[in-house]
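dropping the sequence and predicted coords here.
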Amino acid sequence: MAPNRPKGAAFDGGRSRSVSRRRLLAALGGSGIVGAGTVSGGSQPTDASPSALSGTSERTFDDPAALEEFVDDLVAERIGDETPGAVVAVVDGEETVVSKGYGTVAADSDVPVRADETLFRLGSVSKVVTFTAVMQGVERGTLDLDEDVNAYLADSAVEIPDTYQEPVTLRHLGTHTAGFGWVPNPGVVDHRDELTSLETALLENRPERRRPPGEAVAYSNYGAMLAGHVVAEAHETTFEEYARSEIFEPLGMDHSTFVQPVPDTHPGELASPHTPDGDRFAVADPVYINWRPAGSMSATATDVAAFVSAHLEDGTVGDTRLLEPETVRTMHERQYERHPAINGWAYGLWEDGRPEDDALAHTGATIYFLSDLVLSVEHDVGIFVGYNARGGETEAEAVRRVIAELVDEYDLGFDASTADPPTDPDAGERAERVADEYGPTWQPESELGKVIVRLSQATIESAGDGELVFDVAGEDQQRFVETEPYVYHEVDGYDALAFEVEDGGVVRGYRSSDAEFSWEPVPVHERQRVAGGATGIALGGFLLSTIGWGGLGAWRWWRGRHDDEDRATNIASQSDAEASESETEGSE
């Protein structure tokens, strides 16, 4: 299995960066990936429907049977190594080209995964459904993206404080720019009797407003949960019921639900969660997510394909209209610009790849499940992958490799950047100006969060002649070359960096593979190279998995090694002492 790497780093898997997520999303944005027919399957895989494979020579996948065979081989080699079970769906407009299940529902079971029967937990891919629900309310005139969210909470005990002059709006929530503080554990509980109402979860976990809304992207599970609560309040129902009646039922997504635990009477069977156990996988105890709109959805690959079709086909699947075409276009358009040269946010989905690409994406991770969803809106293509395991070396890059290998095999990607070294004589001076230590734009609420963020900072160094080296917590390095003032493209890669500079100083940095946050210069006393030490390297390896439901893994990791946050406080204090000592020694 390939080693864990932070989001944006290369993943190997026997190949070079050519199968990285950066190439994948550039590929989807710039290529006409189309197909025809339907295939659904199970472990070997099962439930195939060859009669539906009626491709034409005009399509990229002009031989759907060959596509099916390639996907089979691609996923089969991962079963038992990266996960006990998996699902894959490839959608072309209203056509589901491939919808297949692989492996088994549980490591200790022979029951095969079936694309139309086996539910997988989607983690943060659930948010795309939540923000689709918001857009339904906007379309109906019930909600307004630019209204203070408190206007919809008159009958709720939840209220967002007026910390800043500007109110928090639904537009801020859907672009993760509300400015809420960040917590490592987004509402996970071990027992069903710990599940609370959505209102209670919001009241008991309300973070501080740490930034003015609209200032910066800082991924927020709380913000997505709040958006779901607004939908429920505006329609005088529960969020789970709203999703069922207004999204799942109209689209025929009979196996999908936000309800926890999934009722025994619910159609299909929920795949078992797994954790690594040596070179095998062990069935894990289920966990539950109180912040339901942010990550509690369970669904089959076939159901996800129907939802994807609605987004690709201007809101319509068959005779069912989920959204009006203009509403879909609004949701897919850029709603927040981080930097003109860097990808931004649509509504509830981030733009991925290069700014000119028309690719949207969202990943998902609970403690024991992984998922990935990408859409090439212009070319009517969507791809979804889900695993029923997470941990050890089975991390987000594993599901991304499946999609990236598919894109690579069909030669659907752009070539890597071949930018020449800059000839501008000031390029070297600009590189020196931006070379610094950077931290993510999250604002941690707890000592644990502060330690995780502090010990996982990025170092940017000038390599001369306008080139930069980007390094996160001692992991794989990237080299960038300046293509215009303060804008850099990866050497032999697909990533980009850009900097916002005012009065000769960097205000903020942006990397295209980090859509969920941006980077800010770190005060000297908080820098990892003096404060992190060995602990920084250990924690740094999973920083970027902590921003979403992957944060549950970080939380469990921490809780398994520390009795309480006092221990984290002690570590932070020790790090500060080491930093002070290092600075003193350096000045002697």
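Happy to help now that I have it.

switch to C-alpha atoms for all contacts and neighbour counts from now on
Noted.

can you map out the strands along the stretch 201-350 of the chain?
In the stretch 201-350 of the chain, the segments counted as strands under DSSP state E, counting those that start in this stretch are 269-270, 274-277, 280-283, 288-289, 298-299, 316-317, 320-321, 350-352.

state the mean pLDDT of the second one.
Spelled out, it's strand 274-277. Computed over strand 274-277, the mean pLDDT rounds to 94.

can you pull the buried residues of it?
Under the neighbour-count criterion of 16 or more other CA atoms under 10 Å, strand 274-277 has 274, 275, 276 buried.

and of the residues you listed, the nearest to residue 102?
The nearest member of the buried residues of strand 274-277 to residue 102, counting by CA to CA, is residue 274 at 15.1 Å.

how many neighbours does residue 217 have?
Counted by other CA atoms under 10 Å, the residues lying close to residue 217 total 26.

and it, how far is that from residue 495?
Applying CA to CA, to the nearest Å, the value for residue 217 to residue 495 is 18 Å.

start to end distance for stretch 364-383?
Using CA to CA, first and last residues of stretch 364-383 are 14 Å apart.

then stretch 253-264?
Stretch 253-264 end-to-end distance (CA to CA) = 17 Å.

again, but for stretch 390-400
Between the opening and closing residues of stretch 390-400 lies a distance of 13 Å (CA to CA).

again, but for stretch 444-458
Start and end residues of stretch 444-458 are separated by 17 Å (CA to CA).

now do stretch 287-303
The first residue of stretch 287-303 is 23 Å away from its last residue (CA to CA).

do stretch 354-364 as well
OK, stretch 354-364 end separation, CA to CA: 22 Å.

got it, and stretch 424-438?
Its start and end residues considered, stretch 424-438 measures 25 Å (CA to CA).

show me which residues of it are buried.
Of the residues in stretch 424-438, those buried by neighbour count under the rule 16+ other CA under 10 Å are 427, 428, 430, 431, 432, 433, 434, 435, 436, 437, 438.

and the pLDDT at the second one?
It refers to residue 428. Here, the pLDDT recorded for residue 428 equals 95.

what's the closest non-adjacent residue to it?
Among residues not flanking residue 428 along the chain, residue 466 sits closest, at 4.3 Å (CA to CA, 6 or more residues apart in numbering).

the one you found and residue 483 touch, don't they?
No. Counting by CA atoms under 8 Å, residue 466 stays clear of residue 483, with 9.1 Å between them.

please enumerate the shared neighbours of those two.
Counting by CA atoms under 8 Å, 6 or more residues apart in numbering, the contacts common to residue 466 and residue 483 are residue 422.

give me the more crowded residue out of these two.
Between residue 466 and residue 483, residue 466 has the larger neighbour count (other CA under 10 Å), namely 25 against 20.

now that one. Its backbone dihedrals?
Residue 466 has phi and psi values of phi 80, psi 20 when expressed as degrees, to the nearest 10.

measure it to residue 493 for me?
When distances are taken as CA to CA, residue 466 and residue 493 turn out to be 17 Å apart.

which residue, other than its chain neighbours, is closest to the residue nearest the centre of the chain?
With distances taken as CA atoms, centre = their mean, residue 363 lies nearest the centre of the chain, 3.2 Å away. Spatial nearest neighbour of residue 363, chain neighbours left out: residue 372 (4.4 Å); criterion: CA to CA, 6+ apart.

I'd say that neighbour and residue 125 touch.
Yes. Counting by CA under 8 Å, residue 125 is a contact partner of residue 372 at 7.2 Å.

between those two, what contacts are shared?
With CA under 8 Å, 6+ apart applied, the overlap between the contact sets of residue 372 and residue 125 consists of 362, 363, 364.

the last one: how many residues sit nearby?
If I follow you right, that is residue 364. The burial metric for residue 364, expressed as a neighbour count using other CA under 10 Å, is 24.

what about it, which SS state?
At residue 364, secondary structure determined by DSSP: H, G, I helix; E, B strand; the rest coil is strand.

tell me the confidence at residue 398?
Residue 398 carries a pLDDT score of 87 in this model.

surely it is in a helix?
Yes. With three-state DSSP as the criterion, residue 398 is assigned to a helix.

and it, how close does it get to residue 363?
Taking CA to CA as the measure, residue 398 and residue 363 are separated by 12 Å.

what's the answer for residue 506, then?
Summarising the geometry, the distance separating residue 506 from residue 363, computed by CA to CA, is 30 Å.

just checking, next helix/strand downstream of the helix-or-strand element of the chain with minimal mean pLDDT?
Across the helices and strands of the chain, mean pLDDT, DSSP states H and E gives its lowest value to helix 21-30, namely a mean of 35. Under the assignment DSSP states H and E, the closest C-terminal helix or strand after helix 21-30 is helix 64-76.

so what's the gap between that next one and the chain middle?
When distances are taken as CA atoms, centre = their mean, to the nearest Å, helix 64-76 is centred 25 Å away from the chain's centroid.

how far off helix 64-76 does the next helix or strand after it point, in degrees?
With elements assigned by DSSP H and E, the helix or strand that comes after helix 64-76 is strand 85-92. Here strand 85-92 points in a direction 150 degrees away from that of helix 64-76 (axes from the mean of the first three to the mean of the last three CA atoms, to 10 degrees).

which helices and strands does the following helix or strand past strand 85-92 pack with?
Per DSSP H and E, the first helix or strand lying C-terminal to strand 85-92 is strand 95-103. Under the contact criterion of 3 or more CA pairs under 8 Å, 6 or more residues apart in numbering; DSSP states H and E, strand 95-103 touches helix 64-76, strand 85-92, helix 301-312.

contacts for the second one next, please.
If you take CA under 8 Å, 6+ apart as the criterion, strand 85-92 is touched by 33-36, 43, 75, 79, 96-106, 113-115, 301-302, 304-305, 308-309, 380-389.

helix 301-312 and that one, what's the angle between them?
Relative orientation of strand 85-92 and helix 301-312, computed by the same axes, to 10 degrees: 30 degrees.

paired strands for strand 85-92, with orientation please.
Strand pairing for strand 85-92, determined by DSSP bridges: strand 95-103 (antiparallel), strand 381-387 (antiparallel).

ok, residues contacting the shortest one?
Going back to what we said before, that points to strand 381-387. Outside of strand 381-387, the residues within contact range by CA under 8 Å, 6+ apart are 28, 33-34, 83-93, 120, 122, 301, 304-305, 308-309, 312, 369-376, 399, 402-403.

span of stretch 477-491 from start to end?
First-to-last distance for stretch 477-491 - CA to CA - comes to 11 Å.

ok, now which ones touch the residue nearest to residue 363?
Residues touching residue 372, when contacts are defined by CA under 8 Å, 6+ apart, comprise 125, 361, 362, 363, 364, 384, 385, 386, 399, 400.

any idea how many residues pack against the residue nearest to residue 226 when sequence neighbours are not counted?
Distance criterion CA to CA, 6+ apart; nearest residue to residue 226, sequence neighbours excluded, is residue 202 at 7.1 Å. Counted by other CA under 10 Å, the residues lying close to residue 202 total 22.

which residues does residue 202 contact?
Under the criterion of CA under 8 Å, 6+ apart, the contact list for residue 202 reads 158, 222, 225, 226, 291.

pLDDT score for the residue nearest to residue 315 when sequence neighbours are not counted?
Sequence neighbours aside, residue 323 is the residue nearest to residue 315 in space, at 4.5 Å (criterion: CA to CA, 6+ apart). With respect to pLDDT, residue 323 scores 98.

repeat that for residue 578.
pLDDT for residue 578: 46.

now do the one 5 residues further on
Here, the pLDDT recorded for residue 583 equals 41.

if we can go back for a sec, deepest in the core, which of the strands of the stretch 201-350 of the chain is it.
With neighbours defined as mean count of other CA atoms under 10 Å, the strands of the stretch 201-350 of the chain peak in mean count at strand 350-352, which reaches a mean of 29.

hmm, who's touching that one?
Contacts with strand 350-352, where a contact means CA under 8 Å, 6+ apart, come from 22, 25-26, 334, 343-345, 358-362, 512-513, 515-516.

so which of the residues you listed is the closest to residue 244?
residue 362 (21.2 Å).

many thanks, have a good one.
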